[in-house]
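Asks: Structure for the following, please:
(one chain, ligands or ions: 2)
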Amino acid sequence: MNYLEGLNEPQHEAVTTINGPLMVLAGAGSGKTRVLTMRVAHLITNGIDPFNILALTFTNKAAKEMKIRIAKVVGNSEAKALWMGTFHSVFARILRSEGHQLGFPSNFTIYDQQDSLNVLKKAIKDLALDSDLYKPKKVQNRISQYKNNLITVKAYYNNLDLIEADEKANMRKMGDIYQKYVEACYRNGAMDFDDLLLRTNELLTRFPVTLAKYQDRFRYILVDEYQDTNHSQYLIVKALASKFENICVVGDDAQSIYSFRGANIYNILNFKKDYPDAVTVSLEQNYRSTQNIVNAANAVIAKNLQQFKKNVFSENEEGDKIKIYRALSDADEANFVAGNIWEMHNFKQKKFSDFAILYRTNSQTRAFEDALRRKNIPYRVYGGLSFYQRKEVKDLIAYLRLLVNENDAEAMMRVINYPVRGIGNTTQNKLIVFADSQGLPISKILNDLGYYAPRLGLNNGIITKLSDFWSMIKAGQVLLKTEDVYHVTMEIGKRSGLIKNLKDDQTPEGISRLENVHELMNSMQGFIEEQQQVEDGDPSLSNFLENIALSADTQNKKDDDDAEKVSLMTIHLSKGLEFPVVHLVGLEEDLFPSFMSSSTREELEEERRLFYVALTRAEKSAFFTYAVSRFQWGKIKDCEPSRFLSEVDGKFLELINPAVESRLINHSGLQSNIFGDESFSSPFLKKKEAKKTLQKEASTLVAKNLKPLSTAKIINPSGQSSEDIEVGDSV
Ligand code: ATP
Ligand code: MG
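Replies: Residues are numbered from 1 along each chain as shown. Ligands and ions are numbered 1, 2, ... in the order given. The predicted model follows:
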């Protein structure tokens with residue numbers, strides 16, 4: 001197939017304008033990602049060496065899919081040479097070969113959020129600071145913000161505004177924590193996620209020869225989802241592109257949803273300033289969704305003041321209206337969604353993989369998992385506590401990390417006494433304190449235990465235990481030179497006693513933990529095979545660890561196990577994806593928009609963009625659900641429907657349970673009676689719960705000087721018997 005066929009005119013222009021800066025600014029579903037993909041194919045077809053192309057995507061998954069599409073046009077071997085991936089994965093790769101200039105070993109460990117949090121907790125403790133005042137998560141966010149704005153420790157101490165802001169927030173010791181944290185990471189040979197960008201910037205500014213090398217290499221740079229790049233990412237792209245200026249960015253300001261992580265919408269808005277000669281292309285036709293969905297989404301986003309006005313239309317079928325289900329509880333909501341999926345699967349020829357359930361926060365997942373499991377519907381949860389973050393998996397991985405980088409103190413402390421081998425807290429503390437005071441990694445002490453043990457005051461029994469532990473690690477390192485990762489892992493699992501420890505636990509939880517460890521081994525086997533198939537494949541343990549460190553935030557296990565499964569994810573993770581049927585759930589005030597983000601207009605506008613992203617994932621049908629009561633923090637909480645529901649024009653909506661209609665009418669204050677003649681039934685509701693809900697609705701009406709009915713009917717699940725309950729009396 002000719003890849004240029006089937007592109008509309010502006011898409012064609014964007015794909016075929018090879019040289020110079022180019023920006024595509026366009027609404028959801030208009031083919032931005034498709035343009036980017038075809039543009040890469042076009043470059044290669046026109047004789048540009050794939051080696052000279054760098055494409056940055058938002059997720060690893062997106063990169064993989066793009067590569068497959070490109071391979072279809074230009075062939076496998078060409079596509080393989082492409083550098084395509086997330087900012088983090090691409091620049092981790094560069095830092096592996098260049099990081100030594102900054103004093104990092106090539107086998108540096110990548111710390112995930114939890115690792116970095118542990119290091120921070122220790123720093124806060126060492127500085128004898130109050131962890132109620134210096135909440136580790138909060139400290140972590142602040143440091144992340146510094147890093148993403150390229151504020152190093154030194155720059156921090158020179159920045160009076162920042163210091164003042166931290167003092168105002170009662171965190172005057174932020175600089176000290178920051179410094180301690182950076183030193184600890186450095187000593188551990190580790191980088192956190194933000195470091196991967198910060199250090200790349202450092203590399204490119206401090207070493208002009210290295211910068212020139214990569215400028216010459218990446219002559220063509222393409223960035224997807226440009227609206228969500230942060231300052232650090234922006235600077236990297238700018239530096240790399242500054243020689244040839246063959247840079248193509250695509251994005252949509254209406255889908256900027258990561259400002260809480262430092263994304264800077266001005267990067268896209270200022271593109272023209274950075275590159276005055278830039279060609280800009282706008283795409284207006286949405287190919288993804290029905291007219292109804294596109295129009296509804298447009299109407300909502302139009303409420304934002306801060307935006308480029310865009311015209312987006314669809315020539316697809318008009319499509320069904322968006323259906324709203326008003327649930328009585330969170331469990332009811334989940335049951336409805338699972339039931340709906342089950343029905344559409346069985347009677348409307350939908351595949352399970354056609355469905356997505358999108359929510360605002362990860363904590364909403366569990367109810368849906370329960371409901372889907374009960375109906376035997378296969379599903380996959382993206383994000384949240386990933387497979388690699390489970391304790392038993394992390395334990396084994398910590399051993400592996402130690403084999404690759406013995407300076408990794410985080411990993412060391414995790415396993416030095418797990419399984420229990422008599423190296424208790426006292427000994428551990430001695431090691432840590434001594435290492436800190438000497439500015440040494442603990443591995444150094446263990447490597448030369450004969451020399452250090454007396455200085456630490458360790459007795460013979462402890463010395464033997466420590467040296468046994470360390471010999472095991474050393475033996476593993478030797479093994480790594482000849483055996484593949486799978487075998488080394490198996491060996492270390494056995495020699496450490498970890499596998500036996502898990503086997504001894506015959507409880508269902510214990511068995512499932514052992515299964516997870518087996519699953520990790522399976523994924524290694526898969527990894528080895530995968531690496532063997534690609535040209536410059538690298539089946540090393542350090543590459544395996546890097547892969548999981550960089551995918552842990554978004555993926556569960558293997559990439560390809562989502563066939564025929566319903567996808568569950570936060571809206572944030574759904575960016576760029578599309579599904580025939582989308583359930584957008586938990587549409588309640590304080591949940592979506594989130595209670596943390598509805599105090600300022602800016603925050604609210606970001607929530608609205610999030611809503612826009614969610615709705616525009618849907619191709620054929622969308623379902624909105626909300627619950628009138630929800631179990632939260634151990635209590636039943638009453639909820640109001642989200643304001644976003646009322647922002648969608650009624651002509652795009654259809655209410656699928658009658659109570660919703662009354663409720664919505666009630667909201668606009670037009671009717672004095674919520675229940676009217678309607679009775680409603682829910683197979684999921686207990687009588688007591690129903691009565692409570694009804695009474696609550698009645699009292700809301702009374703508070704508004706409206707008159708509720710005094711009785712309502714409850715029909716049992718079987719539909720056989722019914723009962724009137726009094727609601728008016730109690731108000
Ligand atoms: P988002 O803003 O959500 O990331 P996008 O602008 O990147 O969306 P794509 O994902 O590239 O949009 O395209 C949306 C859908 O429309 C895809 O299924 C794509 O294959 C299809 N599409 C794009 N352009 C065309 C076209 N010219 N003809 C037919 N289908 C198209
Ligand atoms: Mg896209």
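Asks: which other helices and strands contact the one helix or strand Glu343 maps to?
Replies: Assigned by DSSP states H and E, Glu343 belongs to helix 330-347. On a contact count with 3 or more CB pairs under 8 Å, 6 or more residues apart in numbering; DSSP states H and E, helix 330-347 meets strand 322-327, strand 355-359, helix 365-374, strand 579-584, strand 618-627, strand 629-632. Glycine gets a C-beta too; all of them are placed from N, C-alpha and C.
Asks: run the last query once more with 7 Å
Replies: Packed against helix 330-347 by the contact rule (3 or more CB pairs under 7 Å, 6 or more residues apart in numbering; DSSP states H and E) you find strand 322-327, helix 365-374, strand 618-627.
Asks: The second one: what's the following helix or strand?
Replies: What it means is helix 365-374. From helix 365-374 onward toward the C-terminus, using DSSP H and E, the following helix or strand is strand 379-381.
Asks: Contacts only, for the spatially closest residue to Ala367 that is not a sequence neighbour.
Replies: With CB to CB, 6 or more residues apart in numbering as the criterion, Ala367 has its nearest non-adjacent residue at 4.0 Å, and that residue is Ala334. Taking CB atoms under 7 Å, 6 or more residues apart in numbering as the criterion, Ala334 is in contact with 367-368, 370-371.
Asks: Would you mind giving these as TSV with distance to Gln438, neighbour count and pLDDT added?
Replies: Formatted as TSV, the contacts of Ala334 follow (distance: CB to CB, whole Å; neighbours: other CB atoms under 10 Å; pLDDT from 0 to 100):
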residue	distance to Gln438	neighbour count	pLDDT
Ala367	52	24	88
Phe368	52	26	92
Asp370	52	13	86
Ala371	56	24	90
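Asks: Show me the contact partners of the one helix or strand Glu98 maps to.
Replies: Here Glu98, judged by DSSP H and E, is contained in helix 87-98. The contact list for helix 87-98 (CB under 7 Å, 6+ apart) reads 54, 56, 60, 83, 104, 106, 110, 193, 196-197, 199-200, 203, 210, 233, 236, 546, 550.
Asks: does Ala453 belong to a helix or a strand, and which?
Replies: Here Ala453, judged by DSSP H and E, is contained in helix 449-456.
Asks: re the thing from before, can you tell me which of the contacts of helix 87-98 are in strands?
Replies: Among the contacts of helix 87-98, the ones falling in strands (DSSP state E) are 54, 56, 83, 110.
Asks: Out of those residues, which is nearest to Leu240?
Replies: Within the ones in strands among the contacts of helix 87-98, the smallest distance to Leu240 is 7.3 Å, found for Leu54 (CB to CB).
Asks: how deep is the closest residue to the closest one other than its chain neighbours tucked in, by neighbour count?
Replies: In this structure, Leu54 finds its nearest non-sequential neighbour in Phe218, 4.0 Å apart by CB to CB, 6+ apart. Phe218 has 23 neighbouring residues, counting by other CB atoms under 10 Å.
Asks: Please look at Phe218 and Leu240 and confirm they touch.
Replies: Yes - contact criterion CB atoms under 7 Å: Phe218 and Leu240 qualify, at 5.4 Å.
Asks: measure Asp228 to ligand 2 for me?
Replies: For Asp228, the distance to ligand 2 equals 11 Å [CB to the ion, to the nearest Å].
Asks: same question, Arg96
Replies: 29 Å.
Asks: what about that residue, neighbour count?
Replies: By other CB under 10 Å, the residues close to Arg96 number 17.
Asks: what's the answer for Asn52, then?
Replies: Residues near Asn52, counting by other CB under 10 Å: 19.
Asks: hang on, the earlier thing: buried ones in the helix holding Ala453?
Replies: Buried residues in helix 449-456, counting neighbours by 16 or more other CB atoms under 10 Å, are found at 449, 452-453, 456.
Asks: now do stretch 132-149
Replies: Using 16+ other CB under 10 Å as the test for burial, stretch 132-149 gives 134, 136, 139-140, 142-149.
Asks: got the residues of the protein near ligand 2?
Replies: Contact residues (CB under 5 Å from the ion) of the chain with ligand 2: 32-33, 576.
Asks: On the three-state scheme, whichever residue of the stretch 1-150 of the chain sits closest to ligand 2 is what?
Replies: Of all residues in the stretch 1-150 of the chain, the one sitting closest to ligand 2 is Thr33 (3.3 Å; CB to the ion). Using DSSP: H, G, I helix; E, B strand; the rest coil, the structure places Thr33 in helix.
Asks: can you pull the contacts of it?
Replies: 224, 576.
Asks: how much space between it and ligand 1?
Replies: 3 Å (CB to the nearest ligand atom, to the nearest Å).
Asks: returning to that earlier point: just the buried ones from the contacts of helix 87-98, in PyMOL syntax?
Replies: Listed next is the PyMOL selection for buried residues among the contacts of helix 87-98, using 16+ other CB under 10 Å:
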select buried, resi 54+56+60+83+104+110+193+196+197+199+200+203+210+233+236+546+550
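Asks: Quick one: neighbours of the closest residue to Arg39 other than its chain neighbours, just the number.
Replies: Once flanking residues are discounted, Arg39 sits nearest to Val15: 4.8 Å by CB to CB, 6+ apart. Residue neighbour count, defined by other CB under 10 Å, stands at 26 for Val15.
Asks: for the residue in the stretch 601-731 of the chain that ligand 2 sits nearest to, what are its contacts?
Replies: Going by CB to the ion, ligand 2 is nearest to Thr616 of the stretch 601-731 of the chain, at 10.2 Å. Contacts for Thr616 were tallied using CB under 7 Å, 6+ apart; they are 28-29, 289, 297.
Asks: which of those sit farthest apart?
Replies: The largest separation in the contacts of Thr616, counting by CB to CB, is between Gly29 and Ala297 at 9.1 Å.
Asks: between those two, which one's more packed in?
Replies: The residue with more neighbours, out of Gly29 and Ala297, is Ala297; 29 against 26, by other CB under 10 Å.
Asks: host element of that one?
Replies: helix 291-301.
Asks: Just the CA coordinates for that helix, please, in CSV.
Replies: In CSV, the C-alpha atoms belonging to helix 291-301 read as follows (Å, rounded to 0.1, in the frame of the first residue of the first chain):
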residue,chain,number,x,y,z
GLN,A,291,-20.1,12.9,15.4
ASN,A,292,-21.9,12.7,18.7
ILE,A,293,-18.8,12.1,20.7
VAL,A,294,-16.8,14.7,18.9
ASN,A,295,-19.5,17.4,19.3
ALA,A,296,-20.0,16.6,22.9
ALA,A,297,-16.3,16.8,23.6
ASN,A,298,-16.0,20.1,21.7
ALA,A,299,-18.8,21.6,23.7
VAL,A,300,-17.1,20.8,27.0
ILE,A,301,-13.6,22.0,26.1
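Asks: Tell me the helix or strand right after that helix.
Replies: The helix or strand immediately downstream of helix 291-301 is strand 313-314, counting by DSSP H and E.
Asks: model confidence over that following strand, on average?
Replies: Strand 313-314 shows a mean pLDDT of 94.
Asks: Which residues of the stretch 451-600 of the chain lie near ligand 1?
Replies: Taking CB under 6 Å from any ligand atom as the criterion, the stretch 451-600 of the chain approaches ligand 1 at residues 576, 578.
Asks: Looking at the stretch 451-600 of the chain, what residue ends up closest to ligand 1?
Replies: For the stretch 451-600 of the chain, the residue closest to ligand 1 is Gly576, as judged by CB to the nearest ligand atom, at 4.2 Å.
Asks: same check, this time on the stretch 201-350 of the chain
Replies: Closest point on the stretch 201-350 of the chain to ligand 1, by CB to the nearest ligand atom, is Tyr287, at 3.3 Å.
Asks: How many neighbouring residues does that residue have?
Replies: Quick note: Tyr287 (other CB under 10 Å) scores 17 neighbours.
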